[in-house]
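Engineer: One predicted model, sequence on top.
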Amino acid sequence: MGMALGSMMDPAADARAGDVLRLRREITRMQRRRSDLPLIPVAPALQPILPEGGLQVGTTYSLSPSPGLVAALLAGASATGAWCAVVGMPTLGVEALAGHGVDLSRLLLVPGPGPRWLSVVSALSEVIPLIAIRPSSPVGQAELSRLSARLRDRGCTLLVVPARGGSSARAGDIAWPQSEGSIRMHDPHWRGLGAGWGALEECEATVTARTRRSPVPQSVRVRLPGAHGRIEAVSPAAPRLVPLPSVRTGLRPVADARALLAVAG
């Protein structure tokens, strides 16, 4: 199972700081503080849309609020044996992460960091190379500059997901200040559900990246998950999955099945 810091939900700042310090000492004991590699690897299906085929070390990327996208990006680093962390996402399931290839034995979960989320991320960046964070409050320019400097110094890459109610990162936008780029998953189509029956089997969606090094948006059509539980590129010759039909009962039409199941992305 992933390592969870339940005490991060405790409003006592001293308790949270103590947890982070103990965690830092433990992970430092188990692995090197930082990597000298210039890139964090991603799944082969996503390599064509990123310059040099990976995430730049010591930078920040804005993501659309898609659990599947977060899992797919974490899986690339996890496959190399690196530690990953997820901060401020209490509903992100560990089973889904494991299904995408994330090693739960080297995954840290901080589901509720509260208003001190920035301090938590700053501390974890000392020892963890890839962190996904959903900020719970705005960050000032001075704090942002200090965090960016720490990421560069420690070789940590940050994946920022908009807070609930915020707008998702668009392909042509750099939503997080000073970020390297934006990556979003959009236009999802599910397969497996019929007219009120069946089970969702797989999702086909488009992933688009726009970065400072590659300002023209680059896109790839992927299957998430694929036959082996990983993100897979969809061949241009492969049949396109169609949107789910509306579900009807014997009384009246019901909302579109995708909205009913709330599984987009």
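Structural biologist: Yep, that arrived.

Engineer: Show which residues not belonging to stretch 97-106 make contact with it.
Structural biologist: Here stretch 97-106 makes contact (Cβ atoms under 8 Å, 6 or more residues apart in numbering) with 1-2, 68, 71-72, 74-75, 78-79, 81-84, 86, 94, 107, 224-225, 229-231. In this view, the C-beta of every residue, glycine as well, is placed from N, C-alpha and C.

Engineer: scratch that, stretch 130-144 is what I was asking about
Structural biologist: Counting by Cβ under 8 Å, 6+ apart, 40, 55, 63, 65, 70, 73-74, 77, 82-89, 113-115, 117-118, 121, 124-125, 147, 156-164, 177-178 sit against stretch 130-144.

Engineer: Just the ones in strands from those, please.
Structural biologist: Using DSSP state E to define strands, the subset of the contacts of stretch 130-144 located there is Ile40, Leu55, Leu63, Cys84, Ala85, Val86, Val87, Thr157, Leu158, Leu159, Val160.

Engineer: what would these look like in JSON lines with pLDDT?
Structural biologist: Written out in JSON lines, the entries for these read as follows (pLDDT from 0 to 100):
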{"residue": "Ile40", "pLDDT": "93"}
{"residue": "Leu55", "pLDDT": "96"}
{"residue": "Leu63", "pLDDT": "95"}
{"residue": "Cys84", "pLDDT": "94"}
{"residue": "Ala85", "pLDDT": "95"}
{"residue": "Val86", "pLDDT": "96"}
{"residue": "Val87", "pLDDT": "96"}
{"residue": "Thr157", "pLDDT": "96"}
{"residue": "Leu158", "pLDDT": "96"}
{"residue": "Leu159", "pLDDT": "97"}
{"residue": "Val160", "pLDDT": "96"}
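
Engineer: any idea which of the residues you listed is the one closest to Val216?
Structural biologist: For those, the minimum distance to Val216 (Cβ to Cβ) is 18.3 Å, reached by Leu55.

Engineer: Now for the residue lying closest to the closest one once chain neighbours are set aside: which residues touch it?
Structural biologist: Across the structure, with Cβ to Cβ, 6 or more residues apart in numbering as the measure, the residue nearest Leu55 apart from its sequence neighbours is Ile40 (4.2 Å). Shown in contact with Ile40 (Cβ under 8 Å, 6+ apart): Gly54, Leu55, Gln56, Val57, Gly76, Ala77, Ala82, Pro129, Leu130, Thr157.

Engineer: If you rank the residues you listed by neighbours, which is first?
Structural biologist: Neighbour counts for those were taken using other Cβ atoms under 10 Å; the highest belongs to Leu55, which has 29 neighbours.

Engineer: In this structure it contacts Leu158, no?
Structural biologist: No - here Leu55 lies out of contact with Leu158, judged by Cβ atoms under 8 Å, at a distance of 9.8 Å.

Engineer: So for the two, which residues contact both of them?
Structural biologist: With contacts taken as Cβ under 8 Å, 6+ apart, Leu55 and Leu158 have Tyr61 as neighbours in common.

Engineer: Pull out the buried positions in stretch 60-80.
Structural biologist: Of the residues in stretch 60-80, those buried by neighbour count under the rule 16 or more other Cβ atoms under 10 Å are 60-78.

Engineer: That should have said stretch 150-158, apologies.
Structural biologist: Arg150, Leu151, Arg154, Gly155, Cys156, Thr157, Leu158.

Engineer: Could you do stretch 127-147 as well?
Structural biologist: 127-136, 139, 144, 147.

Engineer: First-to-last residue distance for it?
Structural biologist: Start to finish, the residues bounding stretch 127-147 are 14 Å apart (Cα to Cα, to the nearest Å).

Engineer: Neighbours of the nearest residue to Gln178 once chain neighbours are set aside, how many?
Structural biologist: Leaving aside its sequence neighbours, Gln178 sits nearest to Ser148 (Cβ to Cβ, 6+ apart; 5.2 Å). The tally of other residues near Ser148 (other Cβ under 10 Å) stands at 17.
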